[in-house]
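**Student:** Pasted the sequence and its predicted model underneath.
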Amino acid sequence: MLTAAITRTELATWLAQGLAGGLVVLLLTARWWRKVYLRRKKRRERAAPRIRCDNCGYDLSGQELPRCPECGALRGFRVPLNELGLTEQEIREGVERMKQTRAARDAAESPPDATPRT
Ligand SMILES: [Zn+2]
């Protein structure tokens, strides 16, 4: 009878210690994982900073036009297109002109024979 009681107490102690140890390991792992996650997130954001809408904060990365699909504001402006008096067609034409100008400038800046001869 006494032996059984001691065994039960020992079992309870062993279980409690096991649970406490498991909890400590779990907490340390969670803490380590959070640190790794935050470090990776920071690195990712540094590599490719997100472009956000000035008006509503919507993520504009990957958008074809510099216009927020959420609130309609142009990038760099806090008002929607119609308040600026511009149509989507005019914005598209502007973006196209900008691309052409940039391509022409890049072509003019880089020497025609930039590749090294072998
Ligand atoms: Zn917006």
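**Tutor:** Good, I have the coordinates. Numbers count the residues shown, from 1 in each chain.
**Student:** Can you mark which positions in stretch 39-54 are buried?
**Tutor:** Neighbour-count burial for stretch 39-54, counted by 16 or more other Cβ atoms under 10 Å, picks out 53-54. Any C-beta I mention is one placed from the backbone N, CA and C, and that applies to glycine too.
**Student:** Where does pLDDT dip in this protein?
**Tutor:** 1-5, 111-118 (pLDDT under 70).
**Student:** contacting residues around the most centrally placed residue in it?
**Tutor:** Geometric centre of the chain, nearest residue: residue 45, 5.5 Å, by Cα atoms, centre = their mean. For residue 45, the contact set (Cβ atoms under 8 Å, 6 or more residues apart in numbering) is empty.
**Student:** ok so it is a strand residue?
**Tutor:** No - read with DSSP: H, G, I helix; E, B strand; the rest coil, residue 45 is helix and lies in no strand.
**Student:** I'd like to know how far residue 68 sits from residue 36.
**Tutor:** Noted for residue 68: a distance of 33 Å to residue 36, by Cβ to Cβ, to the nearest Å.
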